[in-house]
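1. need the 3D shape of this:
(chains A, B, C and D)
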Number of protein chains: 2
Amino acid sequence: MNPLDGYLPYLLNRAGARIATAFCEEVRPLGATLQTWRVLAALHERDGRRMGDLSETTSIEVSTLTRLVDGMEKKDLVSRRRDAADARAVTLHATPAGRRLTRRLLPIAERYETVALAGFNGAEAEALKAALRRLYANMEALEKPRRQRG
Amino acid sequence: MNPLDGYLPYLLNRAGARIATAFCEEVRPLGATLQTWRVLAALHERDGRRMGDLSETTSIEVSTLTRLVDGMEKKDLVSRRRDAADARAVTLHATPAGRRLTRRLLPIAERYETVALAGFNGAEAEALKAALRRLYANMEALEKPRRQRG
DNA sequence: TCCGATTATTTGCATTTACAAATAAATGAA
DNA sequence: TTCATTTATTTGTAAATGCAAATAATCGGA
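-> Numbering: from 1, shown residues only, chains lettered A, B, ... in the order given. A predicted model of the protein is given here:
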C-alpha cells in the first residue's frame, strides 16, 4: 500500500471527488449541477435560509454562492427575499420549479448513498458517518475565525 | 439532527472542504496551494509519474493538471520529460526546489491528519480509512468508462 | 439621536476549472 | 508498409471560483 493510501485527507478527497464527478455527470441531463443540488438540498431541509447559512451548510464560498444563486434565480429555481427581521440579510426560497427539480434529484442522491455504502452493514455505515461528523468538528479548530463560536 | 447530517456524500464533502480550506490558507504563505501539494505528494510517493497517472492519483482533471503543471514548471518545482518508452506520454519529476517545498509541506500535512483524527484511537482511525477505501472502490462502478478495468 | 464598529451580501477581478476539440504517437490488422 | 483506431496530452473557450474591496444595514454606546 502506498503512503498516500494511509493519509486521511487524501482518502477523503478522492472519495468525495469520485462521488462528485459521477453525480455531476448524472444530473447534467436534468439541467442541474452538483452545486445547484447542494443548494436545493439545503433548502429542502429548511427553506428560507440566509445566504451565509447556506454557504456554511453547502461549503460553497459566499461570493461563489451569490453568483450561483443569481443563475438559479434566472432559471426560476429559487427566489431571494429581503429578511423581514434583518434587512441586511437575504433569505432564499425554493420555487415550485425548484421543488420539482429537488424531487427529481432526491432519488438520484439516495442511490449514490446506496452505491457508496454497498457492502456496509448498518453499524459500519453509521460508524463512518459518526467518524466524519467528529472529523468535521475537529477541523473547526483550524477554521478562520468568523464569529466567536465556542 | 438534520436530514443532511445523515447523508454520506454531504458529510464527506463538508469534512473534505474544511480540511482543504484550512490547508490552503496555511500553505499560501509558502507560495503553495492545495493542488500543488497534491502533485508534489504524488511525486514524493513515486517520482516520474505520467500526467494521466498523476491525474488519477490527485483527482485533478487532466486538462486542469496540464496547466497546473505549466505553472509548477515555471516555478521550477517540477520538470516534464518525454517518456522514453512511449513518446506519447510525459513523465513529471520533482526538481530540487520541488523536493525542498515538499519537505516543508510534509509536516504541515501530518499535522492536519493529527488534528482531523484528534480523539480517535488507532482502531477507529484505521476503520475510518478502511471505510473510505471501500467507498472509493464502490464508486468505481459509476466511473465514466476510461480503459476497461475489471 | 448620532456615529463608529460589526455583520450580511454583493461586486471587481484575476485564476482556476472543465468540457470538447485538437494534436501527437503507438498499435494492430490488412 | 499503410492506415484506421486507440491512447496520452495539450489547447480553446466559457464558466466557476475565491480573495479583497465595496455596499448596505444593524447595533450599541456616547
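2. A:Leu8 touches B:Leu117, doesn't it?
-> Yes - A contact is recorded between A:Leu8 and B:Leu117 when judged using C-beta atoms under 8 Å, the distance being 6.4 Å. All C-beta spots, glycine's among them, are computed from the backbone N, C-alpha and C.
3. overlap in contacts, the two.
-> Here A:Leu8 and B:Leu117 have A:Leu135, B:Ala125, B:Leu128 as joint contacts, going by C-beta atoms under 8 Å, 6 or more residues apart in numbering or on different chains.
4. what about the helices in chain A?
-> Remark: helices of chain A, listed N- to C-terminal, are A:8-27, A:34-45, A:51-58, A:62-74, A:96-116, A:122-139; assignment by DSSP state H.
5. now tabulate those helices in CSV and tack on mean neighbour count.
-> As requested, the helices of chain A are exported to CSV (neighbours: other C-beta atoms under 10 Å in any protein chain shown):
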stretch, mean neighbour count
helix A:8-27, 21
helix A:34-45, 21
helix A:51-58, 19
helix A:62-74, 15
helix A:96-116, 15
helix A:122-139, 17
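6. so how far is chain B from the closest residue to A:Ile60 other than its chain neighbours?
-> Once its chain neighbours are removed from consideration, A:Ile60 has its nearest residue in A:Gln35; the separation is 6.2 Å (C-beta to C-beta, 6 or more residues apart in numbering or on different chains). A:Gln35 sits 11 Å away from chain B when distances are taken as C-beta to the nearest C-beta, to the nearest Å.
7. who's in contact with A:Gln35?
-> Residues in contact with A:Gln35 (C-beta under 8 Å, 6+ apart) are A:Thr58, A:Ile60, A:Leu68.
8. present the shared contacts of A:Leu8 and B:Leu117 as a markdown table; the columns should include pLDDT.
-> Shown next, in a markdown table, are the shared contacts of A:Leu8 and B:Leu117 (pLDDT from 0 to 100):
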| residue | pLDDT |
| --- | --- |
| A:Leu135 | 97 |
| B:Ala125 | 97 |
| B:Leu128 | 98 |
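9. and of those, the nearest to DNA strand C?
-> Sorting those by how near they are to DNA strand C, with C-beta to the nearest atom of the strand, puts A:Leu135 at the top with 22.1 Å.
10. was I right about the closest one contacting B:Leu117?
-> Yes - when contacts are counted by C-beta under 8 Å, A:Leu135 is listed as touching B:Leu117 (7.1 Å).
11. name the nearest residue to A:Gln58, sequence neighbours excluded.
-> Not quite, residue A:58 is Thr, not Gln. A:Arg38 (4.2 Å).
12. A:Ser59 now?
-> The spatial neighbour of A:Ser59 that comes closest, neighbours along the chain excluded (C-beta to C-beta, 6+ apart), is B:Ala17 at 3.8 Å.
13. distance-wise, check that neighbour relative to A:Pro96.
-> Computed with C-beta to C-beta, to the nearest Å, the distance linking B:Ala17 and A:Pro96 is 30 Å.
14. related to what we said a few turns ago, what's the overlap in contacts for A:Leu135 and B:Leu117?
-> A:Leu8, B:Leu128.
15. what residues does chain A put near DNA strand D?
-> Among all residues of chain A, those adjacent to DNA strand D (criterion: C-beta under 7 Å from any atom of the strand) are A:Thr33, A:Gln35, A:Ile60, A:Glu61, A:Ser63, A:Thr64, A:Arg67, A:Leu68, A:Gly71, A:Asp86, A:Ala87, A:Arg88.
16. all set now, cheers.
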